[in-house]
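Novice: Fold the following, please.
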Amino acid sequence: MVDILNLTFEELEKFLVHELGEKKFRARQIWQWLWNKYVRDFDQMTNVSKQTRALLKERAHITWPEMVKTQVSQDGTTKFLLRLADGALIETVLIPGSQGRLTQCLSCQVGCAMGCTFCATGTLGFERNMTMSEILGQVLVAREYLNDVAERPILRNLVFMGMGEPLLNLNEVMRSLQTLNSDFGLLFSPRRITVSTCGVNPEGLRELGESGLAFLAVSLHAPTQELRAQIMPKAARWELGDFIDALRNYPLKTRERITFEYLLLGDVNDSLEHAKQLVRLLAQTKGKLNLIVYNPSGDESDPYKAPTEERILAFEKYLWSKNITAIIRKSKGADIKAACGQLKAAEKTEAEGAE
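Specialist: All right, here's what the predicted structure looks like:
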């Protein structure tokens, strides 16, 4: 049985023509039912002949991720715990913005192999890569959920900043980006999509840049190779200087900039000296900086704490004084464990306790 949501438009066209003996125009019809009208049943495709629908039911299936748990924060952040067809659990988050617009944070791997010491997903380890249908299934689930919300907020932006490292699942991420950009499907412009990497795959970084299918964000979190090796040991295998050199040569469109993400960890990377080192590191890049205030897990084993307000403001002020565009992003959804991996970790703990 073919997972029809895991076919790109060209693959769907070939499947219909070569496997089912259909005409090419059927591909566009079925594609719109899948990605524009969000059907889960071939029988709902009313402009497709009964004979074709019967063939599709014999040879293919439509499988969405299953909603396991939904949590809504006081600040409007909504987190979903989803179960994939093989039972694997992943997370996706809807983050509120201005004028009722939402950003969805997507996962691309079940778990993560990077092992960053401040990330709950990193502590869970890596299970497997996700397919295109599993990645984009998160968008389908979110849009169905939003259809039942009275205010009908708009899902405007997508960020690949959930569970997993996108460049370590490059093939499926690129296929997902191509489908997202479809003119008669999900209709997301590249300007509304951001892919975040911590820097592990030079060839993948180059391919993403040359595709022009998304903006780039970089999980930096440390201004020196030594500190990065302490808190992001696997990402630091690509030496920081070489990584920054690659980013200087990253292809950018007019007025496009790389977004650097810097998680402020109390007394770890939040001093004025760290800010000075960061300015020197980013001086020759075309980018902007998101300063993210660490959201402690509340677990006694958490090795990190949030920085003080004084250190946050001093860090930001110094960056601005050196003409570095820096914006403080407060973590959202703290009351529902919205940080990446926290909900899955809690679910795993509950399940183990029930055994």
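Novice: So what's the residue count around D299?
Specialist: D299: 10 surrounding residues under other Cβ atoms under 10 Å. From N, CA and C alone the C-beta is placed, and that goes for glycine too.
Novice: Any figure for the gap between it and M114?
Specialist: 20 Å (Cβ to Cβ, to the nearest Å).
Novice: quick one: low-confidence parts of the stretch 251-355 of the chain?
Specialist: Across the stretch 251-355 of the chain, the ranges flagged by pLDDT under 70 are 331-355.
Novice: show me where it has helices.
Specialist: 272-282, 309-321, 342-354 (DSSP state H, counting those that start in this stretch).
Novice: give the contact list for K23.
Specialist: By Cβ atoms under 8 Å, 6 or more residues apart in numbering, K23 lies in contact with 16-17.
Novice: phi, psi of it?
Specialist: Note on K23: its backbone torsions stand at phi -80, psi 160 [degrees, to the nearest 10].
Novice: Need the pLDDT of it.
Specialist: Note for K23: predicted pLDDT of 94.
Novice: now do the one 4 residues further on
Specialist: In the predicted model, A27 carries a pLDDT score of 96.
Novice: That one contacts F9, correct?
Specialist: Yes: taking contacts as Cβ atoms under 8 Å, A27 lies within contact range of F9: 6.5 Å.
Novice: End to end on stretch 60-67, go ahead and measure it.
Specialist: 22 Å (Cα to Cα, to the nearest Å).
Novice: What about the residue nearest to G287 when sequence neighbours are not counted, how many residues nearby?
Specialist: Computed as Cβ to Cβ, 6 or more residues apart in numbering, the closest residue to G287 that is not its neighbour in sequence is I258, at 4.0 Å. For I258, the count of nearby residues is 19 (other Cβ under 10 Å).
Novice: I258: what's it in contact with?
Specialist: 216-218, 247, 250, 252, 285-288.
Novice: and the end-to-end length of stretch 53-70?
Specialist: Termini of stretch 53-70 sit 33 Å apart (Cα to Cα).
Novice: So which bits of that stretch are buried?
Specialist: Buried positions in stretch 53-70, judged by neighbour count with 16 or more other Cβ atoms under 10 Å: 53, 55-56, 60, 62-65.
Novice: can you check stretch 183-195 too?
Specialist: 185-186, 188, 190, 192-195.
Novice: Check the offset of that stretch from the chain's centre.
Specialist: 13 Å (Cα atoms, centre = their mean, to the nearest Å).
Novice: Bridged to the residue most central in space within the chain, which residues?
Specialist: Centroid-nearest residue in the chain, with Cα atoms, centre = their mean: F160, separated by 1.9 Å. For F160, the beta-bridge partners under DSSP bridges are V195.
Novice: And it, how close does it get to L187?
Specialist: 18 Å.
Novice: next one: N147
Specialist: N147 is 16 Å from L187, by Cβ to Cβ.
Novice: which residues touch stretch 125-139?
Specialist: Outside stretch 125-139, the residues touching it (Cβ under 8 Å, 6+ apart) are 3, 5-6, 8, 35, 63-65, 80, 82, 84, 88, 90, 92, 104, 106-113, 115, 155, 158, 164, 168-169, 172-173, 175-176, 179-180, 186.
Novice: pull the CA atoms of that stretch into PDB?
Specialist: Extracted in PDB, the C-alpha atoms of stretch 125-139 (Å, rounded to 0.1, in the frame of the first residue of the first chain):
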ATOM      1  CA  GLY A 125      17.900  10.300  22.000                       C
ATOM      2  CA  PHE A 126      17.300   9.600  18.300                       C
ATOM      3  CA  GLU A 127      14.800   7.100  17.000                       C
ATOM      4  CA  ARG A 128      14.400   7.700  13.300                       C
ATOM      5  CA  ASN A 129      13.800  10.200  10.500                       C
ATOM      6  CA  MET A 130      10.300  11.300   9.700                       C
ATOM      7  CA  THR A 131       8.800  11.000   6.200                       C
ATOM      8  CA  MET A 132       7.400  13.900   4.200                       C
ATOM      9  CA  SER A 133       3.900  12.800   5.000                       C
ATOM     10  CA  GLU A 134       4.700  12.700   8.700                       C
ATOM     11  CA  ILE A 135       6.300  16.100   8.600                       C
ATOM     12  CA  LEU A 136       3.400  17.700   6.700                       C
ATOM     13  CA  GLY A 137       0.800  15.700   8.600                       C
ATOM     14  CA  GLN A 138       1.600  18.100  11.500                       C
ATOM     15  CA  VAL A 139       0.300  21.000   9.300                       C
END
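Novice: Understood, closing this out.
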